[in-house]
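Asks: sequence first, predicted coordinates after that:
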Amino acid sequence: MGRLYEQLSLDERCEIARLRGSGSSIRQIAAALDRQPSSISRELKRNTGSGPRAGAYKPTYAHAQTAARRWSGARLERDEALREQVLTGLRRGWSPEQVSGRLRLEEGRPVIGCETIYRFIYAQLKRTNDGAWRFYLPRAKARRGRRGHKGGSPASFIQQRVGLAERPAEALTRDQPGHWEADFMLFSTYGQSVLVLHERTTRLTALVKTATRKAKPTAKTLGGLLEALPKRLKQSVTFDNGTEFAEHHSLGLATYFCDPHAPWQKGGVENAIGRIRRFLPRKTNLDDVSPARIIAVAQAYNHTPRQCLDFHTPAEAFSRVLHFEREST
């Protein structure tokens with residue numbers, strides 16, 4: 001068998017620099033390191049040059065150059081087919097985590113990690129100086145963090161209001177489908193809004209462009225969205241304390257409200273709105289958005305794999321629940 005070759009370590013390169021500086025020959029250095037003279041000669045030639053332009057041997061520089069020669073590019077730069085799969089998923093609004101998980105689900109094995117995808121996108125941002133690459137990421141936000149709030153809460157104006165603390169435990173743990181969350185998605189143009197209804201267990205989300213945020217039309221729209229569902233899939237709805245939900249008691253099912261200034265307590269619909277912003281940014285003029293476009297956005301969201309669903313989609317999860325309810329009925 002041939003001898004197994006190992007790359008020179010940084011310590012060995014430091015020793016080469018010391019011995020070379022003291023005047024040792026290539027054979028003497030090779031004997032001191034138990035290496036072949038050809039290995040030492042090649043190392044010095046690569047990293048010092050030859051002839052009158054030869055420079056001093058620098059071990060740290062030589063070590064870095066070796067690592068650079070061994071690097072063959074990011075995986076997504078080398079694998080064109082995988083890169084296209086990943087970018088296709090990102091274009092559909094999927095996060096790197098969702099792309100990674102869905103590929104693992106479809107292939108039955110790990111394909112690529114989400115951190116590899118993030119590194120690839122950030123590398124392209126830096127290499128190309130093209131800010132458009134950030135739009136491949138879920139929210140493309142320049143800053144993160146919570147925003148402050150001003151003023152009081154309208155909670156005291158909502159009749160028959162029941163606090164979130166009284167919501168059943170199965171709604172909190174998401175063990176039982178049929179518990180919903182609702183909120184409005186607002187836009188820069190005053191009065192424009194989309195009503196968002198989100199199911200906590202399956203993450204199914206419905207979107208409706210609304211002409212007003214008044215309480216009675218809002219309750220009527222919510223009732224229409226829930227009307228066709230089996231009774232067991234209409235357990236409760238959770239709201240924030242906006243007065244647009246003041247007619248909640250007309251829905252005919254249990255309703256609960258977040259604590260004042262705590263919209264994060266209905267985190268499912270808040271998260272959904274954040275993801276949908278990719279398709280409907282705040283500056284969108286809803287007058288230019290057709291109902292068909294709103295439906296297409298909802299379909300894109302509901303056909304996006306989610307880690308919390310083992311990378312199945314909300315549509316797949318809700319379909320299974322609906323089928324079970326119909327069979328049991």
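Replies: On my side now, so go ahead. Keep in mind the model is a prediction, meaning the values are calculated, not measured.

Asks: when you work out contacts or count neighbours from here on, use the C-alpha atoms and nothing else.
Replies: Will do.

Asks: so for the protein, the centremost residue is which one?
Replies: Most central in the chain under Cα atoms, centre = their mean is S95, positioned 3.5 Å from the mean C-alpha point.

Asks: how distant is stretch 207-214 from the center of its chain?
Replies: 28 Å (Cα atoms, centre = their mean, to the nearest Å).

Asks: before we move on, the earlier item: my guess is the residue nearest to the centre of the chain meets L137, correct?
Replies: Yes. Using Cα atoms under 8 Å, S95 is in contact with L137, at 6.2 Å.

Asks: ranges for the strands of the chain?
Replies: 179-186, 193-199, 205-210, 236-239, 254-257 (DSSP state E).

Asks: tabulate those (a markdown table), appending mean pLDDT.
Replies: As requested, the strands of the chain are arranged in a markdown table below (pLDDT from 0 to 100):
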| stretch | mean pLDDT |
| --- | --- |
| strand 179-186 | 96 |
| strand 193-199 | 97 |
| strand 205-210 | 96 |
| strand 236-239 | 95 |
| strand 254-257 | 94 |
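
Asks: among these, which comes closest to A74?
Replies: strand 205-210 (36.1 Å; Cα to Cα).

Asks: what's next to the closest one, contact-wise?
Replies: When contacts are defined by Cα atoms under 8 Å, 6 or more residues apart in numbering, strand 205-210 is touched by residues 192-199, 225, 272, 291, 294-295, 298, 301-302.

Asks: show me which of those residues are buried.
Replies: By the neighbour-count criterion of 16 or more other Cα atoms under 10 Å, those include these buried positions: 192-199, 272, 294, 298, 301-302.

Asks: neighbours of S100, how many?
Replies: Other residues near S100 come to 24 when the count uses other Cα atoms under 10 Å.

Asks: which residues touch it?
Replies: Contacts of S100 (Cα under 8 Å, 6+ apart): P110, V111, I112, G113, C114.

Asks: give me that answer again for 7 Å
Replies: By Cα atoms under 7 Å, 6 or more residues apart in numbering, the contact set of S100 is I112, G113, C114.

Asks: quick one on the thing from earlier: any idea how far E97 is from the nearest residue to the residue nearest to the centre of the chain once chain neighbours are set aside?
Replies: Leaving aside its chain neighbours, S95 sits nearest to P138 (5.1 Å; criterion: Cα to Cα, 6 or more residues apart in numbering). Separation of P138 from E97 (Cα to Cα, to the nearest Å): 10 Å.

Asks: just confirm V99 contacts L87, I think it does.
Replies: No. In this structure V99 lies outside contact range of L87 using Cα atoms under 7 Å: 8.9 Å.

Asks: which of those two has more neighbours?
Replies: A direct count of neighbours by other Cα under 10 Å for V99 and L87 places V99 higher, at 29 against 18.

Asks: distance check, the more buried one against R91.
Replies: From V99 to R91 the distance is 11 Å (Cα to Cα).

Asks: can you check V208 too?
Replies: Counting by Cα to Cα - V208 and R91 are separated by 23 Å.

Asks: which of these two has more neighbours?
Replies: Using other Cα under 10 Å, the more surrounded residue of V208 and R91 is V208, with 19 against 13.

Asks: is that one in a bridge, and if so with what?
Replies: L195 (DSSP bridges).

Asks: ranking the strands of the chain by burial, who's on top?
Replies: Comparing those by mean neighbour count (mean count of other Cα atoms under 10 Å), strand 236-239 ranks first with a mean of 25.

Asks: tell me which strands that one pairs with, and in which orientation.
Replies: Strand 236-239 is paired, per DSSP bridges, with strand 179-186 (parallel), strand 254-257 (parallel).

Asks: can you name the residues in contact with the first one?
Replies: Applying Cα under 7 Å, 6+ apart, the external contacts of strand 179-186 come out as 171, 192-200, 234-239, 266, 269, 273, 282.

Asks: same check, this time on the last one
Replies: The list of residues contacting strand 254-257 from outside it, by Cα under 7 Å, 6+ apart, reads 161-164, 167, 235-241, 248.
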